[in-house]
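# missing the sequence, but the structure's below:
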């Protein structure tokens, strides 16, 4: 190895450090650099001093070093982005045939976007001329993600650096480790030590401190307090993720170390989370829930999710890890049996296993029926087809609805209805005097009466067959249930054709075991949509209690 390459490689680990966040800056004297490099490289002191003088002149010319400190015989970088640029340059200069272009103006507060462009240009040049598939990252970022999962959806927040619509700016709740997090865990450490641990990085130290990062971020983003509002558990760490990335002007090849924690909310924590997300909507900030389909696409509508580090192609565990991630709040359903809710014109409430249904001995008023419809709809379809709640009524995950004091009479009506149902052994409404209510029936066991639905078969394209369930718009005391189309897709042509005959009151024309076929391929898919039995079979005949959809 030629002397200059040997010297520059040794210098990489001796450069002064500066914090990415906060006013923490270290200074290294030229004399101490010369002594350390002489001992490690065995090169002459004059040669070492000459190289350092040349680097100092170069970096001073670019504005990377503090000029006043250099006059005193010290090196100190002018900003964190300046230190990243210097490390990038030093890596290139240590090659046998160095080559890149550089820029200036490294005052982050005044030239953020300009510095971002400069750093990106330098780093792309480093990648272009290195001869490597990917240059070595010179920035290390450690992140704690608090994975909050409710109703099969993950909570995301819009990160602070929002001015790049082309970038994925929505991230799971959490954030980056900082020096204060390290100091809480290692109070006797120095700033220089913590900077080294963070930027080197020392993952043994960092992995301990990331718990402090998690707790700090949950307070900052959602006002969730450890122990009072939640418990957490480390579930997995992602493989190191490298990307040309960086908040503000810190735009370089970065290695991300991301540790994921599952969040288990207390009841107080669940309600605090609901309040935080409600206030976010009111203030037009960006909190959103994304289901697995949206996670897989990396998009929620036109909003891009920062998930490449988790769902990158080589990570075969993404789907399994998400599915095994527990719900962050497990409200216990009061009723485990099956329920068919009534609706106008069919006021019966049935309960019990299929084929053994019983009729509840209650004469419901139309007002009570509408309340049951609203609670049932939000419990079952609140994620994909939310009803339009009245002002002063808030919709929350897991079927919860919160009524303000403006609706004190409806609160009383719901409490009375809950008591009536519980009196006949059907505790299907959960609530209290604070205005929180929900339909407390296990998903998969909650249905509407068949007469609620209009049914049609649909053949949108070749080899594509569907059954569509239409629900008309309905007004309730809590809001309006929207006009909705629920789709059962991926049907066989045989099933499609036989249902079409049934809807026309014609006998089926198949030698297949239609009873088994309907159970396995239709009923199984209809029940999560709130329909217990789409097609019934009695005395050799098939029929449906759903209303046939008029063609056209």
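Right, received. Where do you want to start? Just so we're clear, the structure is a prediction, and the values are computed from it rather than from any experiment.
# Can you give me the pLDDT of the residue nearest to residue 370 when sequence neighbours are not counted?
Closest residue to residue 370 apart from its sequence neighbours, by Cβ to Cβ, 6 or more residues apart in numbering: residue 476 at 4.3 Å. Backbone N, C-alpha and C define where each C-beta goes, glycine included. In this model, residue 476 is scored at 95, pLDDT.
# Using the three-state scheme, assign residue 373.
helix (DSSP: H, G, I helix; E, B strand; the rest coil).
# what about it, how many residues close to it?
Using other Cβ atoms under 10 Å, the number of residues around residue 373 comes to 24.
# Now the helix or strand encompassing residue 480: average pLDDT?
For residue 480, the host element (DSSP states H and E) is strand 479-481. Mean per-residue pLDDT for strand 479-481: 95.
# Remind me what that strand packs against, helices and strands.
On a contact count with 3 or more Cβ pairs under 8 Å, 6 or more residues apart in numbering; DSSP states H and E, strand 479-481 meets helix 366-381, strand 388-389, strand 474-476.
# Show me what it pairs with in its sheet, parallel or antiparallel.
Using DSSP bridges, the strands paired with strand 479-481 in its sheet are strand 388-389 (antiparallel), strand 474-476 (antiparallel).
# number of nearby residues for the nearest residue to residue 512 once chain neighbours are set aside?
On the basis of Cβ to Cβ, 6+ apart, the spatially nearest residue to residue 512 that is not a chain neighbour turns out to be residue 494, at 6.4 Å. For residue 494, the neighbour count with other Cβ under 10 Å is 14.
# which residues does residue 494 contact?
Applying Cβ atoms under 8 Å, 6 or more residues apart in numbering to residue 494 gives the contacts 510, 512, 517.
# May I ask which of the residues you listed has the most neighbours?
Counting by other Cβ under 10 Å, top hit in the contacts of residue 494: residue 517 with 17 neighbours.
# And the contacts of the strand or helix carrying that one?
Per DSSP H and E, residue 517 falls inside helix 514-518. The contact list for helix 514-518, computed with Cβ under 8 Å, 6+ apart, reads 494, 495, 498, 508, 534, 535, 537, 542.
# To what extent is the closest residue to the fourth one other than its chain neighbours buried, counted in neighbours?
Of all residues beyond its chain neighbours, the one nearest residue 508 is residue 498 (5.0 Å), with distances taken as Cβ to Cβ, 6+ apart. Neighbour count for residue 498, taken as other Cβ under 10 Å: 24.
# tell me the pLDDT at residue 498?
On pLDDT, residue 498 comes in at 93.
# I'd like the distance between it and residue 460.
Here the criterion is Cβ to Cβ, to the nearest Å. By it, residue 498 lies 19 Å from residue 460.
# where are the low-confidence patches of this protein?
1, 99-111, 160-167, 246-250, 280-285, 313-315, 552 (pLDDT under 70).
# Run through who's touching the strand holding residue 480.
By Cβ under 8 Å, 6+ apart, the surrounding residues in contact with strand 479-481 are 373, 374, 377, 387, 388, 389, 390, 393, 471, 473, 474, 475.
# isn't the third one right up against residue 388?
Read it as residue 377. No - using Cβ atoms under 8 Å, residue 377 is not in contact with residue 388; the gap is 11.1 Å.
# Neighbour count for those two, which is higher?
The residue with more neighbours, out of residue 377 and residue 388, is residue 377; 27 against 13, by other Cβ under 10 Å.
# excluding its backbone neighbours, what's nearest the more buried one?
Closest residue to residue 377 apart from its sequence neighbours, by Cβ to Cβ, 6+ apart: residue 481 at 5.1 Å.
# Which SSE is immediately downstream of the helix holding residue 517?
Following helix 514-518 in sequence, per DSSP H and E, is helix 524-526.
# gap between that following helix and the chain center?
Here helix 524-526 is found 28 Å from its chain centre; the criterion is Cα atoms, centre = their mean, to the nearest Å.
# Tell me the helix or strand right after that helix.
Heading C-terminal from helix 524-526 (DSSP H and E), you reach strand 536-538.
# follow-up on the earlier one: from residue 458, how far off is the residue nearest to residue 512?
Separation of residue 494 from residue 458 (Cβ to Cβ) stands at 16 Å.
# now residue 537
23 Å.
# ok, now residue 131?
As for residue 131, its distance to residue 458 is 57 Å (criterion: Cβ to Cβ).
# Of these two, which one has the most company?
Remark: of residue 131 and residue 458, residue 458 carries more neighbours, 16 against 9, as counted by other Cβ under 10 Å.
# Buried residues, the helix or strand hosting residue 288. List them.
According to DSSP H and E, residue 288 maps onto strand 287-291. Residues 287, 288, 289, 290 are the ones in strand 287-291 that count as buried (16 or more other Cβ atoms under 10 Å).
# now do stretch 397-411
Those would be 397, 398, 399, 400, 401, 402, 403, 407, 410, 411, for stretch 397-411 by 16+ other Cβ under 10 Å.
# of those, closest to residue 332?
Comparing the buried residues of stretch 397-411 against residue 332 with Cβ to Cβ picks out residue 398 as the nearest, at 10.8 Å.
# Name the nearest residue to the closest one, sequence neighbours excluded.
Leaving out its chain neighbours, the residue that sits closest to residue 398 by Cβ to Cβ, 6+ apart is residue 331, at 5.4 Å.
# Quick check: that neighbour is in a strand.
No - looking at residue 331 with three-state DSSP, it is coil, so not inside a strand.
# so who does residue 417 touch?
Residue 417 neighbours (Cβ under 8 Å, 6+ apart): 368, 371, 372, 429.
# Next, it: secondary structure please.
Secondary structure for residue 417, judged by three-state DSSP, is helix.
# now the one 4 residues further on
Judged by three-state DSSP, the three-state class of residue 421 is helix.
# That one against residue 362, yeah?
Yes - using Cβ under 8 Å, residue 421 is in contact with residue 362, at 7.3 Å.
# Between these two, point out the one with more neighbours.
residue 421 (23 against 16).
# number of nearby residues for the residue nearest to residue 370?
20.
# same deal with the one 10 residues further on?
Under the neighbour criterion other Cβ under 10 Å, residue 486 is assigned a count of 18.
# Residue 133 now?
Neighbour tally, residue 133, other Cβ under 10 Å: 6.
# Now do the helix or strand that contains residue 54: distance to the chain's middle.
According to DSSP H and E, residue 54 maps onto helix 45-62. Relative to its chain's centre, helix 45-62 lies at 48 Å (Cα atoms, centre = their mean).
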